[in-house]
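Asks: Following is a predicted model, sequence given first.
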Amino acid sequence: MGDINQDYHQRTLYCDLTHVEFTTPEETDDHNIQPEIILNFSWKVDFSQWMIPHAVEEYFTYTQLVTRSNASATNFSFGVSRMQFQCLDELRGIMEFELRGILDTCDLRRKVADRVWVTALPSVDNSIPTEGRVLNLYFDALVDNQHIVFGEIYDDEEYNCMVPAADSLIMSSLKRVAVDSDQKTSCSICLEDLSPGGDNDFEEALSMPCSHVYHGDCIKKWLSTSHYCPLCRFEMPTTN
């Protein structure tokens, strides 16, 4: 965590099993083997800023929420076999691949896999396999990106930790990039895929100087309220 007089960032992950049910898979024209288990996620990313007014020994008891930005939830699912789920290493490998467009680090993807395995394994082990039925596991997941600021809390209404980036520098600091249609990547602000539109093989997106890529409208709107990169907290220039 470092010196308690320095700002720092942390990312908190929550992933909870909400319910379990057996369903009958829809008939398809292909002859692929139907998965025995389907993992269903309702996924949300939050960006919050906290202030610790005084650097005291038990500083954590004084932490105050300053601002929070909530992204809308996105839903996705994928299937695994019962054997794959029951082997943690197998599940980690699958989820590292499936979550590559949602979480930017392998460490976080493994943490999700570990949480899913620990919370849902009893349900998988205790369920009786039924011919033609699929076990559905439903999870609510949240990644909270927290920026912790040390300082004083002011009564002045002009004080705001979420300082916007300088309007005149936003577009000059952002770089237009092409997103390959074969790359499964999502915008971490709206959580929608960075996928091609129309008949083009690429979609225009904007990259920050730290190389993180977002939808153009999303990142411009974000920088109008906060000068930090939503993922790594790279600081854009401000007017202050």
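Replies: It's in. Numbering: from 1, shown residues only.
Asks: check contacts around the nearest residue to Val177 once chain neighbours are set aside.
Replies: Once flanking residues are discounted, Val177 sits nearest to Ser207: 4.7 Å by CB to CB, 6 or more residues apart in numbering. The C-beta positions use only the backbone N, C-alpha and C, and glycine is treated the same way. Shown in contact with Ser207 (CB atoms under 8 Å, 6 or more residues apart in numbering): 174-177, 213.
Asks: cutoff 6 Å now
Replies: By CB atoms under 6 Å, 6 or more residues apart in numbering, the contact set of Ser207 is 175, 177, 213.
Asks: which of those count as buried?
Replies: In terms of neighbour count (16 or more other CB atoms under 10 Å), the buried residues within these are Val213.
Asks: returning to that earlier point: what pLDDT does the model give the residue nearest to Val177?
Replies: Ser207 carries a pLDDT score of 86 in this model.
Asks: May I have the beta-bridge partners of it?
Replies: Beta-bridge pairing for Ser207 (DSSP bridges): Lys175, Val213.
Asks: that older thread, would you mind giving the contacts of Ser207 as TSV with pLDDT and distance to Ser81 added?
Replies: Converted to TSV, the contacts of Ser207 look like this (pLDDT from 0 to 100; distance: CB to CB, whole Å):
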residue	pLDDT	distance to Ser81
Lys175	85	43
Val177	83	37
Val213	85	34
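Asks: Outline the domain layout of this structure.
Replies: 1-152, 163-240 (automatic domain parsing).
Asks: how distant is the longest one from the center of its chain?
Replies: I take that to be domain 1-152. Here domain 1-152 is found 9 Å from its chain centre; the criterion is CA atoms, centre = their mean, to the nearest Å.
Asks: Also the last one?
Replies: Centroid separation between domain 163-240 and its chain, computed with CA atoms, centre = their mean, is 15 Å.
Asks: Make sure I have this right: Ala113 is in a helix.
Replies: Yes. Ala113 sits within a helix when classified using DSSP: H, G, I helix; E, B strand; the rest coil.
Asks: Ile170 versus that one, what's the distance?
Replies: Separation of Ala113 from Ile170 (CB to CB, to the nearest Å): 37 Å.
Asks: So for the two, which sits in the more crowded spot?
Replies: Ala113 (23 against 19; other CB atoms under 10 Å).
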